[in-house]
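A.B. asks: Here is the input, now give the coordinates:
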Amino acid sequence: MKNYLQVVGIVTGILIVFVTLIQLEVALPLIWLLFISGPGLVIWMVWSVLCAPVEVKETFEEQWYQDYDIKST
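C.D. replies: Residues are numbered from 1 along each chain as shown. Below is the predicted model of the structure:
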């Protein structure tokens, strides 16, 4: 698996744990730790995705929306 996919999975997992701990109202120090470290985790994830060695063949003018090819529908 690519490194950036692992980073996205880790940060998403931490977000799920954070929301679950809030709903269960347990481990208040852990909730605060996750809350305070959240912006750093998001910056780490964004940096990893932006620096990923993925080659994009289309330009923004050619295909501005990457979900599906409009010509094939």
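
A.B. asks: Low-confidence ranges, the protein, go.
C.D. replies: By pLDDT under 70, the low-scoring segments of the chain are 1, 65-73.

A.B. asks: Can you list the residue ranges for strands in the protein?
C.D. replies: For the chain, applying DSSP state E gives no strands.

A.B. asks: Going along the chain, name the helices of this protein.
C.D. replies: 3-24, 28-50 (DSSP state H).

A.B. asks: Just put the ones you listed in JSON lines and tack on distance to Lys57.
C.D. replies: In this view, the C-beta of every residue, glycine as well, is placed from N, C-alpha and C. JSON lines is the format used below for the helices of the chain (distance: least, Cβ to Cβ, whole Å):
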{"stretch": "helix 3-24", "distance to Lys57": "19"}
{"stretch": "helix 28-50", "distance to Lys57": "18"}
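
A.B. asks: Please dump those into TSV; it should also carry mean neighbour count and distance to Phe60 for every row.
C.D. replies: Formatted as TSV, those follow (neighbours: other Cβ atoms under 10 Å; distance: least, Cβ to Cβ, whole Å):
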stretch	mean neighbour count	distance to Phe60
helix 3-24	13	21
helix 28-50	13	15
